[in-house]
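Asks: Okay, sequence plus prediction incoming.
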Amino acid sequence: MPQVEETLHKIILGDSRDLSLIRDKSVNLVVTSPPYPMIEMWDDLFSSMNNDIQSNLKSGNTMAAFEMMHTELDKVWQECFRTLDDGGIMCIVIGDSARTVGGNFQLYPSHSRIISKMLSMGMSFLPSIIWSKPTNSPNKFLGSGTLPVSAYVKMEHENILIFRKGGRREFTKAEKPLRYESSIFWEERNEWFSEIWKGIVGKRQELVNDGSRKRSAGFPIEIPLRLIAMFSIIGDTVLDPFAGEGTTSTAAMLLRRNSLAVEIDENYLNRCRNNVNSAQNDLNRLIDERILRHSSFIMEKKNRNLEYFNRPLGTPVVTSNEQWITMNKIQDIHQTKSSSIFNAEFRISYCDS
């Protein structure tokens, strides 16, 4: 069986509206969460791309501003489409925005706008996921909840949109064994391929760099980890055109996929590089936790006759495909190239299974 003993991870300072550094059809999976149009923290970023956005926000022409913001994101999606191989998958984590401008409260449906763009490019829209985000807020509404008609439904979810370029992916003879190694546990399949994900807590960070955004709303590693495991195989290349803190890249490292991360903000890129460089212990712990969860599941099924056994992991499994799952821990993270303080290339080596 072929072995993937090393993976390569590149972090690039750049504007993802131009991904000319990345070859056509060289990416197998895109996993990303873009800046959300009509969320106030992203106004300056979008306005720097088109001055008319700020003008429309100030004049209260919010739908024009919303459309202009998405027009800039469209350029990124077009580049992702070019770099994505036939049969490749694109996963976009996006929340809709609710905002009051000029005294008018309104919802701005980013998820439907992105779906429209993807369909116009020829992408197939696949069954997608609702990420139900836990909240500690006692109020399940916005506004005056007890007085008709002054309350609004509170949004406590984000959309994970899933698209495919062309038809179903065809695997080469060399890739087929890696596909079996990349299989997920039976109980993971049942949870991950469901339309609602619950219990995954959102991640928020305060940033202190004056030149960077005041607040980030990055997703936790569990989101890209699941998506990468579901829609790629070991040795594939995963692209995140909005890298942020590098969460998608670190998940790719964990699962023995290569990655490309692009980030426009220099402060963020430096943070992303540091996170990737120091991720080894945390990622290896996640492997242990994943195996432990499976062991707990097997213990609950102790009265059931399980006829299949995974030798690399030393555990009974439910289905025949799970016999070949491998989870190699990271042995070393080596920074191999740095053209500037904000660009980096990491080569990851793995322990024997």
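Replies: Structure received.
Asks: what's next to the helix or strand Thr250 falls within, contact-wise?
Replies: Here Thr250 sits within helix 247-254, counting by DSSP states H and E. Among residues not part of helix 247-254, those counted as contacts by Cβ atoms under 8 Å, 6 or more residues apart in numbering are 7, 9, 11, 31-32, 218-221, 223-225, 228, 238, 240, 243, 258-259, 261, 272, 275-276, 279, 282-283, 286-287, 330, 333, 346, 348. Bear in mind the C-beta positions are built from the backbone N, C-alpha and C, glycine included.
Asks: try stretch 74-83
Replies: Stretch 74-83 is contacted by residues 16-19, 22-27, 30, 34, 90, 114, 117-118, 121-123, 165, 239, 241-242 when judged by Cβ under 8 Å, 6+ apart.
Asks: buried residues in it?
Replies: By neighbour count, with 16 or more other Cβ atoms under 10 Å as the criterion, the buried positions of stretch 74-83 are Asp74, Val76, Trp77, Glu79, Cys80, Phe81, Arg82, Thr83.
Asks: how about the first one, secondary structure?
Replies: Looking back up the chat, that one is Asp74. For Asp74, the assignment made with DSSP: H, G, I helix; E, B strand; the rest coil gives helix.
Asks: Kindly report the same for the third one.
Replies: Secondary structure for Trp77, judged by three-state DSSP, is helix.
Asks: so how far is Ser124 from it?
Replies: With distances taken as Cβ to Cβ, to the nearest Å, Trp77 is found 14 Å from Ser124.
Asks: Please apply the same query to Cys272.
Replies: From Cys272 across to Ser124, the span is 31 Å (Cβ to Cβ).
Asks: which of the two has more neighbours?
Replies: When Cys272 is set against Ser124 and neighbours are counted by other Cβ atoms under 10 Å, the residue ahead is Cys272, at 27 against 14.
Asks: Can you give me the buried ones in the helix or strand that contains that one?
Replies: Applying DSSP H and E as the criterion places Cys272 in helix 266-277. When burial is assessed from 16+ other Cβ under 10 Å, helix 266-277 yields the following buried residues: Asn267, Tyr268, Leu269, Asn270, Arg271, Cys272, Arg273, Asn275, Val276, Asn277.
Asks: can I get these in CSV with distance to Arg169 and pLDDT?
Replies: Listed next are those as CSV, based on distance: Cβ to Cβ, whole Å; pLDDT from 0 to 100:
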residue, distance to Arg169, pLDDT
Asn267, 37, 81
Tyr268, 32, 81
Leu269, 31, 79
Asn270, 35, 81
Arg271, 33, 83
Cys272, 28, 83
Arg273, 31, 82
Asn275, 30, 86
Val276, 27, 86
Asn277, 32, 83
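Asks: which one among those residues gets closest to Ser183?
Replies: Ser183 has its nearest neighbour among these in Val276, at 26.0 Å by Cβ to Cβ.
Asks: List the contacts of stretch 297-304.
Replies: For stretch 297-304, the external contacting residues (Cβ under 8 Å, 6+ apart) are Phe185, Glu187, Leu306, Thr315, Pro316, Val318.
Asks: and the helix holding Cys272, what other elements does it pack with?
Replies: Other helices and strands packing on helix 266-277, by 3 or more Cβ pairs under 8 Å, 6 or more residues apart in numbering; DSSP states H and E, are strand 6-13, helix 247-254, strand 258-263, strand 330-340, strand 343-350.
Asks: just how off-centre is the shortest one within its chain?
Replies: What that stands for is strand 258-263. Averaging C-alpha coordinates over strand 258-263 and over its chain gives two centres that are 11 Å apart (Cα atoms, centre = their mean, to the nearest Å).
Asks: residue boundaries of the helices in the stretch 51-200 of the chain?
Replies: Under the criterion DSSP state H, counting those that start in this stretch, the stretch 51-200 of the chain contains helices at 51-59, 62-83, 110-121, 175-181, 186-192.
Asks: residues contacting Leu161?
Replies: By Cβ under 8 Å, 6+ apart, the residues touching Leu161 are Cys91, Ile92, Val93, Ile94, His111, Ile114, Ile115, Met118, Phe125, Ser128.
Asks: what bridges to it?
Replies: Leu161 forms beta bridges with Ile92, as assigned by DSSP bridges.
Asks: From Ile89, how far out is it?
Replies: Distance, Leu161 to Ile89, using Cβ to Cβ: 11 Å.
Asks: still on that earlier bit, of the contacts of stretch 74-83, select the buried ones using a PyMOL command.
Replies: Buried members of the contacts of stretch 74-83, defined by 16+ other Cβ under 10 Å, are picked up in PyMOL with:
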select buried, resi 16+17+19+22+27+30+34+90+114+117+118+123+165+239+241+242
